[in-house]
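**Q** Sequence and computational prediction follow.
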Amino acid sequence: MAGGGSAAKGNTGGVRIVVAGDKGTGKSSLVVTAATESFPISAPPLLPPTRLPEDIYPDRVPVTVIDTSSSLENRGKLAEELKRADAVVLTYACDQPETLDRLSTFWLLELRRLEVKVPVIVVGCKLDLRDEQHPVSLEQVMSPIMQQFREIETCIECSAFKHIQIPEVFYYAQKAVLHPTAPLFDQEAQTLKPRCVRALKRIFILCDHDRDGALSDAELNDFQVKCFNAPLQPSEIVGVKRVVEEKLPEGVNDRGLTLTGFLFLHALFIEKGRLETTWTVLRKFGYNNDIRLSDNQLPSPIKRTPDQSVELTNEAVEFLKYIFNMFDSDGDGALRSSEIEDLFSTAPENRRTSFRLEDFVYVGNDVCW
């Protein structure tokens with residue numbers, strides 16, 4: 001059951017997952033079983049930091065799991081570990097309903113008090129011990145809690161004893177760190193966030209080589225190869241456009257996939273939990289975890305001494321003329337405000353400097369000179 005969380009820390013150097021919860025909810029058994037693929041007959045009360053095998057998850061990023069104690073004498077150490085976490089796994093025992101109640105009455109509130117702003121994975125352990133005479137719907141139980149605590153990324157139930165969904169617990173935790181929901185999607189409004197829309201629009205325009213407002217089959221294939229190193233089969237392209245057209249007719253026209261359709265497709269990926277698809281696209285085009293272009297993607301300002309000057313080469317002048325004519329859609333020899341906006345729509349945000357268009361051009365009757 002997937003939800004939406006607060007901003008998560010991207011960390012490709014390694015992921016630190018802290019497991020917390022009431023005593024006896026199965027924290028240590030969960031960690032041991034994930035690391036060794038065997039259920040411990042007698043798990044120690046507190047495990048040392050445990051490294052999970054890198055090859056069990058597709059991202060192959062090192063995962064370190066931190067076991068914690070809920071005892072009062074260890075409360076300071078617990079707080080310290082939670083503040084260092086990239087993600088938190090909160091456990092409850094499926095055969096102890098009171099431990100589930102404690103998630104909302106203590107644990108989630110404690111994370112907020114400590115200002116721990118990372119994805120939270122809620123895990124019901126000891127699934128094999130649940131009373132089968134009283135079946136429980138995970139979605140029904142967790143929906144109210146997830147509505148109240150948006151930092152919960154995913155809820156899952158497992159059994160270390162029967163090896164049910166143990167790898168999935170830490171897969172979801174790792175995924176929430178590497179491919180966070182919060183920067184991309186507004187769970188309240190159920191829409192892509194403005195910064196995400198801006199980035200995807202820029203990517204769309206860069207991939208629309210003929211600037212006809214749609215990605216043709218060839219342009220879609222080029223995009224696929226650039227982002228995922230594999231071409232799309234013709235039947236796959238037809239399938240993608242069919243999915244979009246069925247839900248959003250204006251997402252496809254006779255020239256291909258429109259910007260509206262491109263944005264819809266990414267919203268669909270996110271809603272279906274395939275955040276890694278959108279993040280792969282963003283990162284391939286140089287965006288970091290804040291959906292800003294990484295500094296190494298931005299050219300450094302030219303450094304010159306007071307007696308030096310800078311001038312454009314003939315090639316640069318010709319290129320700028322070409323760009324001007326490309327965006328002068330009405331061919332009147334001037335760029336209107338809308339054409340200027342279109343021209344700069346692919347320009348990266350620059351945190352070093354800012355300028356106003358009116359400082360450099362004359363604007364009159366919506367025409368810029």
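**A** Received it, and whenever you're ready, just let me know what you need.
**Q** Look at the residue lying farthest from the centre of the chain and give its secondary structure.
**A** Farthest-out residue of the chain from its mean C-alpha position, per Cα atoms, centre = their mean: Asp307, at 47.5 Å. Following DSSP: H, G, I helix; E, B strand; the rest coil, the label given to Asp307 is coil.
**Q** For the chain, give me the ranges with low pLDDT.
**A** 1-12, 297-300, 348-369 (pLDDT under 70).
**Q** Outline the domain layout of it.
**A** 15-182, 191-297, 314-368 (automatic domain parsing).
**Q** Next, format the ones you listed as CSV and append mean neighbour count and distance to Lys303.
**A** In short, each C-beta sits where N, CA and C put it, glycine included. Formatted as CSV, the domains of the chain follow (neighbours: other Cβ atoms under 10 Å; distance: least, Cβ to Cβ, whole Å):
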stretch, mean neighbour count, distance to Lys303
domain 15-182, 18, 36
domain 191-297, 16, 16
domain 314-368, 12, 13
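**Q** quick one: contacts for Asp342?
**A** The contact partners of Asp342, by Cβ atoms under 8 Å, 6 or more residues apart in numbering, come to Phe327.
**Q** what do you get if the cut-off is 10 Å, keeping everything else the same?
**A** By Cβ atoms under 10 Å, 6 or more residues apart in numbering, the contact list for Asp342 reads 205, 211, 326-327, 329, 335-336.
**Q** Put together CSV for these, with secondary structure and distance to Asn229 on each row.
**A** Below are these laid out as CSV (DSSP: H, G, I helix; E, B strand; the rest coil; distance: Cβ to Cβ, whole Å):
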residue, secondary structure, distance to Asn229
Ile205, helix, 22
Arg211, coil, 26
Met326, helix, 30
Phe327, helix, 32
Ser329, coil, 35
Leu335, strand, 37
Arg336, strand, 40
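**Q** Quick check: the farthest pair among the residues you listed?
**A** Spanning the widest gap among the contacts of Asp342 are Ile205 and Arg336, at 17.7 Å by Cβ to Cβ.
**Q** Now do the SS call for Val240.
**A** helix.
**Q** What's the first helix or strand after the host helix or strand of Val169?
**A** If you go by DSSP states H and E, Val169 is part of helix 166-178. From helix 166-178 onward toward the C-terminus, using DSSP H and E, the following helix or strand is strand 185-186.
**Q** Can you list the helices and strands that the next helix or strand after that next one packs against?
**A** Per DSSP H and E, the first helix or strand lying C-terminal to strand 185-186 is strand 191-192. Counting contacts by 3 or more Cβ pairs under 10 Å, 6 or more residues apart in numbering; DSSP states H and E, strand 191-192 is packed against strand 185-186, helix 194-207, helix 259-271.
**Q** Does anything pack onto the second one? Which helices or strands?
**A** Secondary structure elements in contact with helix 194-207, counted by 3+ Cβ pairs under 10 Å, 6+ apart, are strand 185-186, strand 191-192, strand 214-215, helix 217-228, strand 256-258, helix 259-271, helix 275-284.
**Q** Columns distance to Leu46 on top of the ones you listed, output as a markdown table?
**A** As requested, those are arranged in a markdown table below (distance: least, Cβ to Cβ, whole Å):
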| stretch | distance to Leu46 |
| --- | --- |
| strand 185-186 | 37 |
| strand 191-192 | 42 |
| strand 214-215 | 54 |
| helix 217-228 | 42 |
| strand 256-258 | 53 |
| helix 259-271 | 37 |
| helix 275-284 | 33 |
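**Q** mind checking which of these is nearest Pro45?
**A** Taking the helices and strands packed on helix 194-207 one by one with Cβ to Cβ, helix 275-284 is closest: 35.9 Å.
**Q** what angle sits between that closest one and helix 259-271?
**A** 130 degrees (axes from the mean of the first three to the mean of the last three Cα atoms, to 10 degrees).
**Q** before we move on, back to that, ramachandran coordinates for the residue farthest from the centre of the chain?
**A** phi -90, psi 10 (degrees, to the nearest 10).
**Q** and what of Ile66?
**A** According to degrees, to the nearest 10, Ile66 has phi -110, psi 110.
**Q** other SSEs contacting the helix or strand encompassing Val18?
**A** Taking DSSP H and E as the definition, Val18 sits inside strand 15-21. Under the contact definition 3+ Cβ pairs under 10 Å, 6+ apart, strand 15-21 sits against helix 27-36, strand 50-52, strand 63-67, helix 75-83, strand 87-93, strand 120-125, helix 166-178.
**Q** Parallel or antiparallel, list what pairs with it.
**A** Here strand 15-21 has these sheet partners by DSSP bridges: strand 63-67 (parallel), strand 87-93 (parallel).
**Q** if we can go back for a sec, who wins for proximity to Pro58 among the helices and strands packed on strand 191-192?
**A** Closest among the helices and strands packed on strand 191-192, once you apply Cβ to Cβ, is helix 259-271, at 16.1 Å.
**Q** Done for today, thanks.
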